[in-house]
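give me coordinates for this.
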Amino acid sequence: GNAIEFAPNKEVIRLRDGFGYFFVNDIKAIDLEGEWAYDAATEKIYLYSTTDPNLATISYPKFEKSISILNSENVSVKNIKAFSAARLGIEVAKSSNIVLDGVEVVQSGGDGITFNNTQNSVLQNSLVSDMNWSGVYSAKSANHIKFINNTVKNIGNSSFGKSKTYIGIDCNSSFSEIVGNTVRNTGYAGIIACGENNLVKRNIVDSVCRILEDMGGIYTNNNINNTTGTIIEENIVTNSSVIKGGGVGQHSLCNGIYLDNRSQGVTVRNNIVGFVDGCGIFLHATLKNNKVYDNTSFQSGYNEFQITNPDTIPEYDIQRNILVTNNPSKDHVVMLVHNTKKFTIPEIGTFKGNYVVNPFQTNNVKINYKTTEKVELKRVSVEDWEKIAGEYATGNQVSKVNYTPTQVGNIVFLYNSTNKVKKYTLNSGKYLDVRSKVYQNSATLEPFKSVVLFKQN
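Okay, here's the model as predicted:
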C-alpha cells in the first residue's frame with residue numbers, strides 16, 4: 001500500500017510533510033539485495049538475496065575493539081589493518097608519544113580511531129574507511145595530536161549511526177594539526193577543529209554533509225572547546241550537499257567553511273570553496289577576533305559569504321576574498337550580513353578589498369545594521385554599500401563583465417588540488433580574472449590555488 005499507520009511511539013518525536021524517512025530492522029521493509037533484519041526473539045537474521053545465502057561467505061565482528069593502546073608511552077604501530085571491529089578500530093587512551101603510521105581501519109561498527117587523554121601523538125599515512133559512526137576522534141582531554149596525510153572516506157551509516165557522529169576527522173584537542181588529509185563522503189562534517197591553537201592546512205574535503213545538514217566541510221565551535229588561535233588555511237572544500245529526499249526546499253544548510261557557536265580568534269585564509277549547497281563561508285553566532293582573508297568562494301546554493309546573529313560585538317575583519325556566483329537568479333545574494341540589527345556598521349566590522357562578483361545583476365550585498373534612528377535591512381550594490389559603511393567598507397570590487405542569464409557557461413572555475421604545478425587548457429577566446437588579468441589558451445596554477453575566469457563577450 002501507500003500508507004503506514006503508527007501507534008503512539010515516544011521514539012518518533014515528530015513526522016513532517018516532505019521529509020524523507022527510512023525503516024531500520026523491519027523484515028517488511030527489506031526489498032533490496034543485501035538488506036537484512038534481525039529478530040531478537042528468534043535470534044534469526046533475515047536477508048534479502050537473489051542467491052542462496054548459505055553458499056555465501058558471511059563475516060561478523062568477534063571483538064568490540066581491534067587494537068587498544070592504554071597507559072603507554074613511545075609506541076609505534078605500522079602497516080597493520082584493523083578490520084570489522086564491533087565498535088572501535090583503534091583506541092588510544094591515557095598515553096603519550098604514540099605513532100600510528102600506515103594503518104588501515106576499515107568497516108567498524110562504531111568509530112575508526114580515537115585519542116582520549118593522550119598527548120604528543122600522530123596518525124599519519126593511514127586509511128580510515130566505512131565507519132558507522134565517525135572516522136577519527138580526539139577528545140578535549142587530549143592535546144598535541146597530529147593528523148597528517150591520511151585518507152578518511154565513507155563515514156556515517158544512517159541506519160546504525162548515533163547522534164552527532166558521521167564526522168570524518170573530529171578534532172576536539174588543542175595544539176593539534178590536521179594537515180594534508182583527504183576526507184570524502186561523510187554523513188556530517190568533514191573536519192571539526194575545536195581546540196586552541198589548532199592548524200587545519202592543505203586538506204581536501206569533498207562530498208560531506210550527505211546525511212545531516214547545518215554543518216560544514218570544515219567546522220569550528222567554541223562550545224565544544226576554545227577555538228582561539230586556530231588557523232584554517234589553504235584547504236579545498238567542494239560539494240557539501242545533502243542527499244536529496246531527506247528534507248524540503250531547494251537547498252540545504254551544507255556549508256563550506258563554518259565558524260559556529262561563539263567561535264573566536266579563528267583565522268580563515270587562502271582557502272578554496274566551491275559547489276556547496278548552503279553558504280560558501282558561514283559565520284554564525286560567533287564572538288570576536290575572527291579574520292577571513294584571501295579566500296575564494298564559488299557557486300553556493302544560498303550565499304558565497306554569510307554572517308548571521310553574532311553573539312557579541314563581532315568586529316569581523318574580512319579582506320581580499322573572491323566571492324563569485326554563476327547563479328543568474330535575481331534572488332541570489334553573494335554577501336549576506338543579517339540578524340545583526342543590534343550592531344552598528346563599525347561594530348559589525350571591516351570589509352576591505354573583497355571581490356563581490358555577480359555578472360548577472362548589481363545588487364549583491366544584503367546587510368542588516370543599526371543606525372541612530374532605526375534598524376536597516378537593505379539589498380544594495382557594492383558601491384552603495386560602501387557609501388553606507390564609509391571607512392568600514394572600502395576597495396571592494398564588482399564584476400568586470402556583464403552577462404545575460406543564458407551565459408552561465410562563460411564562467412570557468414579552476415582549482416589545483418595536487419602538490420604540483422598544473423596547466424589547464426582553455427576553450428578559444430580571451431578570459432579575465434577578477435583582477436582583469438587576461439588569459440588565453442591556458443591557465444597555470446600553483447598547488448592549492450584557484451582562479452575564476454570570465455569569457456569576454
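
any idea which helix is longest in the chain?
As assigned by DSSP state H, the longest helix anywhere in the chain is helix 382-389.

which strands and helices lie in contact with the helix or strand following that helix?
Sequence-wise, the next helix or strand downstream of helix 382-389 (DSSP states H and E) is strand 393-394. Counting contacts by 3 or more Cβ pairs under 8 Å, 6 or more residues apart in numbering; DSSP states H and E, strand 393-394 is packed against strand 349-352, helix 382-389. Quick note: C-beta positions are derived from backbone N, CA and C, even for glycine.

sheet partners, orientation included, of strand 393-394?
strand 349-352 (parallel) (DSSP bridges).

give me the buried positions along the strand it pairs with.
Gly349, Thr350, Phe351 (16 or more other Cβ atoms under 10 Å).

so the first one makes contact with Ile318?
Read that as Gly349. Yes: with contact defined as Cβ atoms under 8 Å, Gly349 counts as touching Ile318 (6.5 Å).

in the stretch 1-150 of the chain, mark out all the strands, start to finish.
Assigned by DSSP state E, counting those that start in this stretch, the strands in the stretch 1-150 of the chain fall at 36-39, 44-47, 65-70, 73-78, 81-83, 88-93, 96-101, 104-108, 111-116, 119-124, 127-131, 136-138, 143-148.

name the helices or strands packed onto the first one?
Applying 3+ Cβ pairs under 8 Å, 6+ apart, one finds that strand 36-39 contacts strand 44-47.

and the strand it packs on, average pLDDT?
When pLDDT is averaged along strand 44-47, the result is 92.

just the residues contacting that strand, thanks.
Ile27, Ile30, Gly34, Glu35, Trp36, Ala37, Tyr38, Asp39, Pro53 (Cβ atoms under 8 Å, 6 or more residues apart in numbering).

low-scoring stretches of the chain, by residue?
1, 12-13, 161, 244-251 (pLDDT under 70).

from Asn185, how far out is the residue nearest the centre of it?
By Cα atoms, centre = their mean, the chain has its centre lying nearest to Gly217, at 0.9 Å. According to Cβ to Cβ, to the nearest Å, Gly217 and Asn185 sit 12 Å apart.

identify the contacts common to the two.
By Cβ under 8 Å, 6+ apart, the residues touching both Gly217 and Asn185 are Asp206, Val208.

just the strands of the stretch 1-150 of the chain: most buried one?
strand 136-138 (a mean of 28; mean count of other Cβ atoms under 10 Å).

and that strand, which strands flank it?
When DSSP bridges is applied, strand 136-138 pairs with strand 111-116 (parallel), strand 169-171 (parallel).

helices of the chain, start to end?
Going by DSSP H, the chain shows helices at 345-348, 382-389.

name the surrounding residues that touch the shortest one.
For helix 345-348, the external contacting residues (Cβ under 8 Å, 6+ apart) are 307, 310, 313-316, 337, 340, 367, 369, 388-390, 392-393.

what are the buried residues along that helix?
In helix 345-348, counting by 16+ other Cβ under 10 Å, buried: Ile345, Glu347, Ile348.

how about the longest one?
Residues of helix 382-389 classed as buried: Val382, Trp385, Glu386, Ile388, Ala389 (neighbour count, 16+ other Cβ under 10 Å).

sorry, back to before: touching, the residue nearest to the centre of the chain and Phe275? I think so.
No: using Cβ under 8 Å, Gly217 makes no contact with Phe275, being 10.8 Å away.

so what sits against both of these two?
Thr238.

ok, now which ones touch Ser329?
Ser329 neighbours (Cβ under 8 Å, 6+ apart): none.

my bad, should have said Thr118
Taking Cβ under 8 Å, 6+ apart, one finds Val92, Ala93, Lys94, Ser95, Ser96, Ile98, Ser138, Ser141, Ala142, Ile145 in contact with Thr118.

try 10 Å this time
69-70, 72, 91-98, 138-139, 141-145, 173 (Cβ atoms under 10 Å, 6 or more residues apart in numbering).

relative to Asn309, how far out is it?
36 Å.

bridging residues for Asp39?
Beta-bridge partners, per DSSP bridges, of Asp39: Lys44.

in contact with it, which residues?
So Asp39 contacts Asn25, Ile27, Ile45, Tyr46 (Cβ under 10 Å, 6+ apart).

could you single out the nearest of those to Leu323?
Leu323 has its nearest neighbour among these in Asn25, at 45.9 Å by Cβ to Cβ.

can you tell me how far the nearest residue to that closest one once chain neighbours are set aside is from Lys44?
Distance criterion Cβ to Cβ, 6 or more residues apart in numbering; nearest residue to Asn25, sequence neighbours excluded, is Ala37 at 5.0 Å. The gap separating Ala37 from Lys44 is 9 Å, by Cβ to Cβ.

give the residues shared as contacts by the two.
Ile27.

my read is that Ile27 contacts Ala37, right?
Yes: the pair Ile27 and Ala37 passes the contact test of Cβ atoms under 10 Å, sitting 4.5 Å apart.

and this structure, what are its domains?
Residue ranges for the domains of the chain, per automatic domain parsing: 65-394, 405-455.

which of the ones you listed sits most buried?
domain 65-394 (a mean of 21).

need the contact list for the closest residue in space to Lys62 that isn't next to it in sequence.
Distances taken as Cβ to Cβ, 6+ apart put Ala86 closest to Lys62, at 7.8 Å, once the chain neighbours are dropped. By Cβ under 10 Å, 6+ apart, the residues touching Ala86 are Tyr60, Pro61, Lys62, Phe63, Glu64, Lys65, Ser66, Ser108, Gly109, Gly110.

repeat the analysis, applying 6 Å as the threshold.
By Cβ atoms under 6 Å, 6 or more residues apart in numbering, the contact set of Ala86 is Pro61, Glu64, Gly109.

quick one: the first one from Lys449, how far?
To Lys449, Pro61 is 44 Å away according to Cβ to Cβ.

same thing with the last one?
Using Cβ to Cβ, one gets 41 Å for the distance from Gly109 to Lys449.

tell me who's in contact with Thr312.
Thr312 touches Leu287, counting by Cβ under 6 Å, 6+ apart.

what about it, distance to Lys288?
7 Å.

state the distance from the spatially closest residue to Lys330 that is not a sequence neighbour to Val412.
Spatial nearest neighbour of Lys330, chain neighbours left out: Gln361 (6.2 Å); criterion: Cβ to Cβ, 6+ apart. Distance, Gln361 to Val412, using Cβ to Cβ: 20 Å.

neighbours around Asn402, how many?
Here the number of neighbours of Asn402 (other Cβ atoms under 10 Å) works out to 14.

now do the closest residue to it other than its chain neighbours against Gly135, distance only.
Using Cβ to Cβ, 6+ apart and skipping residues adjacent in sequence, the residue nearest Asn402 is Pro359, 5.6 Å away. Distance, Pro359 to Gly135, using Cβ to Cβ: 39 Å.

before I go, just wanted to say thanks for your time.
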